[in-house]
Structure formats: C-alpha cells, structure tokens
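Q: predicted coordinates and the sequence they were generated for:
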Amino acid sequence: MSKDTLSIRDNRTEKEYEIPIWEDTIRAMDLRQIKVKDGDFGMMSYDPAFLNTANTKSTVTLVDGGNGILQYRGYPIADLAENASFLEVAYLILFGELPKAGELAKWEAEIKTQMALPEALPNIMKAFPKDAHPMGAFVSNTAALGTLYPDAREVLDEELRWKHIKNLVAKSASLGAYFYRHSQGLGFVDPDEKLSYAGNFLRMMFHEGGGDYTPDPAVERAINILFILHADHEQNCGTTTMRTIGSSQADPYSAAAGAAAALYGPLHGGANEAVLRMLAEIEDVSNIPAFMDSVRSGDKRLMGFGHRVYKNYDPRAKIIKKVAEDVFKVTGRNPLLDIALELEQIALSEDYFIERKLYPNVDFYSGIIYQALGIPVSMFTVMFAIPRMVGWLAQWTEMLGDNEQKIARPRQVFLGPVDKKFVPIEER
Ligand code: CMC
C-alpha cells in the first residue's frame, strides 16, 4: 500500500526513519532526529543559495519554470497584462482576488491621494549628487521615508500594517520619479489624481510644466504592462530579503529598502541595465560572433538570459517583446533591438544554451523599451523596483500572518579551526 512517507536508512547506525511527505516536500526539521549517538546535534540539510529549499508556503504567485507559467493568485500573467490596470493587479496580489468596481475605485483613490512625497523627501534627495546611482538613492530614500512614520514599527498591528502597505505602494513610483528629476536638475512634479498609476509616473518623470499632462496612450499602456509583469515573482533574492528582514519585525520601509538593495545586483533586477550596457558594447550585429565566443568560453554572460526557475521561455519576456513593437511605433525603433533579436536567435539555436536551458528572461527586452522612452539606463532597475514593491509587501504581510514563521536564521556547517591558543602580537 502506498504511503506519503519517505524511508531513510542511516548506514552509519543501520537505523531506519520514516519521514512524512507533504506537497512533495519533507521538513528539514524531521531530519534532526537522525543521530549517531544521543547528544549529537542531528542531521541538517546543506543547501547553499537555497537551490532546493522552500522557506515558506505561499498563495501569492505561482512560477512553473519548466512550463514557462506565471500566475498571480491563480490568474495567468498574459491575461492580467492584456486586460488589467497595474493598481487592479496590485489589489489582486495584496488582497487575493480581483477587485469589484467599487473596491477598485476606493483602492485607486486611496493610492492616488497618497502618491505625493512628504516635504522631507525632496530635501533628502537634493543632498545626493546628481550622478548618484538611482538605485542607491531608491534604497536610501525608501528607508528614509520610513523614518517619518514611527508607527510603521508596529508591524503586528494589522491596521497599521495596511496603512503602510498602501503608503509604500503609493509612494514607490514617486520615489523613483522624483529622484530622476533631481538627477536631471529639474524641479519636482507632483502627481495628479486624475491620472492612472502609470500615467502619474510618466507625469512625475516627464511633465514639462504648464497645464495638465496627458500621457501618450501607447506609452502609458506599455508602462502599465511592464509594471504588471514585474509586480511579483515569488521567492526570488529580493523577496527573500524582504521576508528575512521582515522576520525580525523590522518596519516595512527598512525591509523594502533591503529588498531593493538585493534587487540592485546585476544577477537580479540589475540585469536590465547590464543588458543595455552589453548591447551598447556589442555595438553592431557584426560583433556578435566574437561576443558569443566569449560567452561560450565562460568569460562573459549573456545578460538577460537564464533563470534559476525558468527552464523555458520566460512568459514575461514574450509579452515584453510584443510591447516593444507597440512602443517603437510611437518612439521609433531602438537600433539595439536588431542586436538583441540576433543574439536571441543565435542563443536559441546553439547547443551551449539549449543544453543549459537558457532562454531570454524578463530583463532581455525591457531595457530596450525603457531606453526608447527616454529613461536613462541607470534608472532601469528602479523601473523594476517600483512595481515589485507590491510583491514585496504581499509576501511580507503573508509572512507575518504565518504562524509557522519565526526570525530567519539558517544554520552553517562549520569547517574552521577550533580552540586555538591566543598568541600575543609580538610573538606572531
Ligand atoms: N550566459 C551564459 N551562460 C549562462 C548564463 C548566461 N546568462 N546563465 C547561466 N549560464 C550557464 C552557467 O555558466 C552554468 O554553466 P555551467 O553548467 O557550464 O557551469 C549554467 O548556465 C547554470 O548557471 P548557474 O549560474 O548555475 O544558474 P543560476 O540558477 O545560479 O543563475 C542567473 C541564474 C539568472 C543568475 C543566471 O542565469 C545569470 O547570471 N543570468 C544573467 C543575469 C540575468 O539576466 N539575471 C536576471 C534574471 S531574471 C530577473 C530576476 O528575477 O531577477
């Protein structure tokens, strides 16, 4: 008769153990009973970089990497990108279901009325050099924003938790856009409640002043879709950082600043910037063969390719490729697209990439769109961080409501020396 258990035989002791299986998973703590002798610590699992460790249960986002599937709360990403607004999707991710019309209107009003930054923030931003990296500034300004709300530290108070979730979702776009204005030596532009979240972001970035700002509908739609595609992606490096910092009951601004710092790196959200720098370095299609030689030899990575979870085409990359065409109708074609398309074609047909299941990821085409919209390369990761704020917060509040979670504190396998005798400095 089949049983949902795993039998383990420890050949050191010849003892057998039966461990329950739940959702194709065993609990690492069930291994602890496996000991050679009483008083031993017991067995652990060793998993650098969490290649095969689930650190939470979650109901937010499904990524089925083998089949190239991404769903938020059960809804396929392509349907959401095609039909919903970013704030509608933010509501879905945060509250678990798509809003009814009245719920959406209330939610939109709550967010849009909170988009303007308190006065302290522009002043803090002005203290940064204009050429400071916008992600460094985003990390700092997110943490700085938290200092204005002492009650944000009361993370176990659910009502206060939601107050700050809304505040962070609302101000995430403003934190990015205001700093852009500073970096360009331009005055700050306040949001306008009549515009959508994406439209407001464009206004705060690009409005030249004088009267209302009306975003180009194709550009607004593109930003809306890009924000939806980046809103959550389950337990990636940034989100895991959010949960880890949040597990110590730090306030959500500090935790989100930490998550943004994790996102900043070129192997994570920083890849969209790295892709553009790579395409600019290749410069011309004729230089692709030499570049690909350096990738095959392991000297370089093809940025925007590969993913820890997707071993198939990233569904977000497919949607973004299509959005790029729509944007280029308005902005004119970005010449780097030809290099990107050629790189993709070569990579998808070469053994090196096929064997390693390397496909374009979300970052491969997004930067080409941002550049065509006039967004500087150094801002690209901020474009990822702004909508990802929603996912970080959904995962953070899910973690705080999960009574199995405790402060994150992994173990180590200690291989260093022990009990060395202290040697006075003159004798070393
Ligand atoms: N170009 C060339 N070779 C690659 C690439 C790449 N982009 N990515 C992985 N490989 C090779 C790697 O060298 C290794 O080969 P071998 O088995 O011969 O040593 C094999 O593929 C497995 O790679 P890995 O580094 O063990 O895979 P990982 O799961 O640790 O890394 C990754 C995932 C995304 C960090 C990696 O694919 C990468 O560095 N990609 C480029 C950066 C990038 O585009 N990052 C954005 C990810 S999507 C947005 C996000 O969620 O943050």
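A: That came through fine.
Q: make it CA atoms for all contacts and neighbour counts henceforth
A: Fine.
Q: separation between whatever residue of the stretch 151-300 of the chain ends up closest to the ligand and residue 76?
A: Relative to the ligand, the nearest point of the stretch 151-300 of the chain is residue 268 (3.2 Å; C-alpha to the nearest ligand atom). The gap separating residue 268 from residue 76 is 23 Å, by C-alpha to C-alpha, to the nearest Å.
Q: pLDDT score for the residue of the stretch 151-300 of the chain closest to the ligand?
A: pLDDT for residue 268: 92.
Q: was I right to think it contacts residue 237?
A: Yes: taking contacts as C-alpha atoms under 8 Å, residue 268 lies within contact range of residue 237: 7.4 Å.
Q: what is in contact with the two at once?
A: The contact sets of residue 268 and residue 237 overlap at residue 262 (C-alpha atoms under 8 Å, 6 or more residues apart in numbering).
Q: just to revisit the earlier point, the residue of the stretch 151-300 of the chain closest to the ligand: how many residues sit nearby?
A: Residue 268 has 17 neighbouring residues, counting by other C-alpha atoms under 10 Å.
Q: doesn't residue 7 lie inside a strand?
A: Yes: using DSSP: H, G, I helix; E, B strand; the rest coil, the assignment for residue 7 is a strand.
Q: distance-wise, check it relative to the ligand.
A: To the ligand, residue 7 is 30 Å away according to C-alpha to the nearest ligand atom, to the nearest Å.
Q: how many other residues sit next to that residue?
A: Residues lying near residue 7 (other C-alpha under 10 Å) number 10.
Q: tell me where the stretch 51-200 of the chain has helices.
A: 77-83, 86-95, 101-112, 120-126, 134-146, 158-183, 197-206 (DSSP state H, counting those that start in this stretch).
Q: winner for burial among those?
A: Mean neighbour count (mean count of other C-alpha atoms under 10 Å) peaks for helix 197-206 among those, with a mean of 24.
Q: right, is the helix or strand following that one up against the ligand?
A: Per DSSP states H and E, helix 197-206 leads on to helix 217-229 as the next helix or strand towards the C-terminus. No: residues of helix 217-229 are not located near the ligand by C-alpha under 6 Å from any ligand atom, the shortest gap being 10.9 Å.
Q: what angle separates helix 217-229 from helix 86-95?
A: Per axes from the mean of the first three to the mean of the last three C-alpha atoms, to 10 degrees, the angle that helix 217-229 makes with helix 86-95 is 10 degrees.
Q: helices or strands up against helix 217-229?
A: Counting contacts by 3 or more C-alpha pairs under 8 Å, 6 or more residues apart in numbering; DSSP states H and E, helix 217-229 packs against helix 77-83, helix 86-95, helix 197-206, helix 315-331, helix 380-400.
Q: swap the cut-off to 6 Å and go again
A: Contact partners of helix 217-229 among helices and strands, from 3 or more C-alpha pairs under 6 Å, 6 or more residues apart in numbering; DSSP states H and E: helix 197-206.
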